[in-house]
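> Mind folding the following:
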Amino acid sequence: MNTEEPASPKPVTDDDGMSWWYRWLCKIAGVLGGVSCAISGVWMCVTVSPLNIAAGVWMVLNAFVLFLFEVPFCCQFIEFANAVGARADKFKPWQKAFFYCGMAIFPIFLSFSITTLFGNAIAFATGVLYGLASLGKKGDAVSYARLNHQKPGDEEKLTGTTDGSV
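Residues are numbered from 1 along each chain as shown. Next up is the predicted model:
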(Lines give C-alpha, C1' and ligand atoms only; values in the text may rest on other atoms or scores of the structure.)
Protein backbone atom coordinates (compact mmCIF):
# COMPACT_ATOMS: atom_id res chain seq x y z
CA MET A 1 0.00 0.00 0.00
CA ASN A 2 1.18 3.44 -0.87
CA THR A 3 0.20 5.86 1.89
CA GLU A 4 1.84 9.03 0.68
CA GLU A 5 0.23 12.25 1.72
CA PRO A 6 -0.44 14.72 -1.06
CA ALA A 7 1.63 17.85 -1.01
CA SER A 8 -0.19 21.00 -0.04
CA PRO A 9 -1.32 22.85 -3.15
CA LYS A 10 -0.29 26.32 -2.01
CA PRO A 11 2.74 27.27 0.04
CA VAL A 12 2.38 28.79 3.47
CA THR A 13 2.94 32.53 3.28
CA ASP A 14 3.17 35.22 5.89
CA ASP A 15 0.31 37.67 5.96
CA ASP A 16 2.34 40.74 6.88
CA GLY A 17 2.81 41.75 3.23
CA MET A 18 6.60 42.03 3.38
CA SER A 19 8.62 40.87 0.39
CA TRP A 20 11.58 38.57 0.92
CA TRP A 21 14.19 41.25 0.24
CA TYR A 22 12.56 43.72 2.65
CA ARG A 23 12.38 41.06 5.35
CA TRP A 24 16.12 40.41 4.87
CA LEU A 25 16.82 44.15 4.93
CA CYS A 26 15.04 44.41 8.28
CA LYS A 27 16.96 41.43 9.65
CA ILE A 28 20.31 42.81 8.47
CA ALA A 29 19.47 46.21 9.98
CA GLY A 30 18.60 44.43 13.22
CA VAL A 31 21.94 42.63 13.29
CA LEU A 32 23.86 45.83 12.53
CA GLY A 33 21.80 47.63 15.17
CA GLY A 34 22.66 44.92 17.67
CA VAL A 35 26.36 45.20 16.88
CA SER A 36 26.33 49.00 17.22
CA CYS A 37 24.35 48.83 20.48
CA ALA A 38 26.70 46.22 21.92
CA ILE A 39 29.87 48.13 21.06
CA SER A 40 28.49 51.48 22.21
CA GLY A 41 26.99 49.92 25.33
CA VAL A 42 30.29 48.41 26.42
CA TRP A 43 31.98 51.75 25.73
CA MET A 44 29.35 53.55 27.84
CA CYS A 45 30.01 51.21 30.78
CA VAL A 46 33.65 52.34 30.97
CA THR A 47 32.88 55.35 33.16
CA VAL A 48 32.09 56.32 36.74
CA SER A 49 28.74 58.00 36.06
CA PRO A 50 25.85 55.77 37.16
CA LEU A 51 23.52 57.03 34.42
CA ASN A 52 26.10 56.25 31.76
CA ILE A 53 26.54 52.76 33.17
CA ALA A 54 22.75 52.25 33.24
CA ALA A 55 22.46 53.44 29.63
CA GLY A 56 25.34 51.16 28.62
CA VAL A 57 23.77 48.13 30.29
CA TRP A 58 20.44 48.93 28.60
CA MET A 59 22.20 49.17 25.23
CA VAL A 60 23.87 45.78 25.73
CA LEU A 61 20.46 44.36 26.69
CA ASN A 62 19.01 45.99 23.58
CA ALA A 63 21.71 44.31 21.48
CA PHE A 64 20.93 40.94 23.05
CA VAL A 65 17.20 41.31 22.34
CA LEU A 66 17.88 42.37 18.74
CA PHE A 67 20.06 39.30 18.21
CA LEU A 68 17.54 37.05 19.92
CA PHE A 69 14.61 38.33 17.85
CA GLU A 70 16.25 38.75 14.46
CA VAL A 71 18.90 36.00 14.32
CA PRO A 72 18.24 33.41 17.05
CA PHE A 73 20.81 31.03 15.52
CA CYS A 74 23.51 33.39 16.82
CA CYS A 75 22.38 32.56 20.36
CA GLN A 76 22.74 28.77 20.23
CA PHE A 77 24.13 28.68 23.76
CA ILE A 78 20.71 29.77 25.08
CA GLU A 79 18.15 26.97 25.21
CA PHE A 80 15.08 29.11 24.62
CA ALA A 81 16.54 31.21 21.77
CA ASN A 82 14.77 29.36 18.95
CA ALA A 83 11.44 29.47 20.79
CA VAL A 84 11.76 33.21 21.41
CA GLY A 85 12.82 33.77 17.79
CA ALA A 86 9.82 31.83 16.50
CA ARG A 87 7.51 33.83 18.74
CA ALA A 88 9.11 37.10 17.62
CA ASP A 89 8.51 36.16 13.98
CA LYS A 90 4.78 36.02 14.75
CA PHE A 91 4.73 39.68 15.83
CA LYS A 92 3.18 42.12 13.42
CA PRO A 93 5.55 44.71 11.90
CA TRP A 94 4.01 47.60 13.85
CA GLN A 95 4.58 45.72 17.11
CA LYS A 96 8.25 45.21 16.29
CA ALA A 97 8.54 48.85 15.22
CA PHE A 98 7.09 50.10 18.49
CA PHE A 99 9.25 47.74 20.54
CA TYR A 100 12.54 48.44 18.75
CA CYS A 101 12.07 52.22 18.65
CA GLY A 102 11.11 52.30 22.33
CA MET A 103 14.10 50.22 23.32
CA ALA A 104 16.40 52.47 21.28
CA ILE A 105 15.07 55.73 22.73
CA PHE A 106 15.26 54.78 26.42
CA PRO A 107 19.10 54.93 26.79
CA ILE A 108 19.11 58.33 25.09
CA PHE A 109 16.85 59.63 27.87
CA LEU A 110 19.14 58.13 30.50
CA SER A 111 22.35 59.64 29.13
CA PHE A 112 22.21 62.00 26.17
CA SER A 113 25.55 61.77 24.37
CA ILE A 114 27.02 61.12 20.96
CA THR A 115 27.71 57.50 21.91
CA THR A 116 24.10 56.79 22.81
CA LEU A 117 22.82 58.60 19.72
CA PHE A 118 25.07 56.77 17.27
CA GLY A 119 24.86 53.48 19.15
CA ASN A 120 21.07 53.41 19.01
CA ALA A 121 20.60 54.98 15.58
CA ILE A 122 20.67 51.71 13.63
CA ALA A 123 18.45 49.97 16.18
CA PHE A 124 15.97 52.85 15.84
CA ALA A 125 16.26 52.61 12.05
CA THR A 126 15.32 48.92 12.31
CA GLY A 127 12.16 49.97 14.09
CA VAL A 128 11.48 52.55 11.41
CA LEU A 129 11.88 49.90 8.70
CA TYR A 130 9.37 47.67 10.45
CA GLY A 131 7.07 50.66 10.85
CA LEU A 132 7.22 51.34 7.13
CA ALA A 133 6.44 47.67 6.49
CA SER A 134 3.30 47.99 8.58
CA LEU A 135 2.00 50.70 6.26
CA GLY A 136 1.69 48.13 3.47
CA LYS A 137 2.62 48.04 -0.16
CA LYS A 138 2.34 50.98 -2.48
CA GLY A 139 -0.55 50.93 -4.93
CA ASP A 140 0.03 50.74 -8.67
CA ALA A 141 -0.14 53.85 -10.82
CA VAL A 142 -2.99 52.62 -13.01
CA SER A 143 -5.51 52.25 -10.20
CA TYR A 144 -4.39 55.55 -8.67
CA ALA A 145 -4.91 57.32 -12.01
CA ARG A 146 -8.37 55.79 -12.32
CA LEU A 147 -9.31 57.09 -8.88
CA ASN A 148 -8.12 60.59 -9.74
CA HIS A 149 -10.00 60.75 -13.05
CA GLN A 150 -13.35 59.48 -11.79
CA LYS A 151 -16.13 62.02 -11.74
CA PRO A 152 -18.37 62.38 -8.68
CA GLY A 153 -21.36 61.18 -10.71
CA ASP A 154 -19.59 57.90 -11.43
CA GLU A 155 -19.70 56.93 -7.77
CA GLU A 156 -23.47 57.43 -7.75
CA LYS A 157 -23.83 55.23 -10.80
CA LEU A 158 -21.73 52.51 -9.19
CA THR A 159 -23.78 52.45 -5.99
CA GLY A 160 -27.12 52.97 -7.71
CA THR A 161 -28.18 55.90 -5.56
CA THR A 162 -28.79 59.43 -6.72
CA ASP A 163 -30.68 60.90 -3.78
CA GLY A 164 -27.87 60.56 -1.23
CA SER A 165 -29.47 57.69 0.68
CA VAL A 166 -27.36 54.75 1.66
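
> Do I have it right that Cys98 meets Gly127?
One correction, residue 98 is Phe, not Cys. Yes: using C-beta atoms under 8 Å, Phe98 and Gly127 qualify as a contacting pair, with a distance of 7.4 Å. All C-beta atoms are positioned from the backbone trio N, CA, C, and that covers glycine.

> Give me the contact list for stretch 120-135.
When contacts are taken as C-beta atoms under 8 Å, 6 or more residues apart in numbering, the neighbours of stretch 120-135 outside the stretch itself are 16-18, 22, 25-26, 29-30, 32-34, 36-37, 40, 59, 62-63, 66, 70, 92-94, 96-105, 107-108.

> Report the buried residues of that stretch.
Neighbour counts over stretch 120-135 (16 or more other C-beta atoms under 10 Å) mark 120-127, 129-131, 133-134 as buried.

> Out of those, the closest to Ala54 would be?
For these, the residue nearest Ala54 by C-beta to C-beta is Asn120; the value is 14.0 Å.

> now that closest one: how far from Trp20?
Plainly put, Asn120 is 27 Å away from Trp20 if you go by C-beta to C-beta, to the nearest Å.
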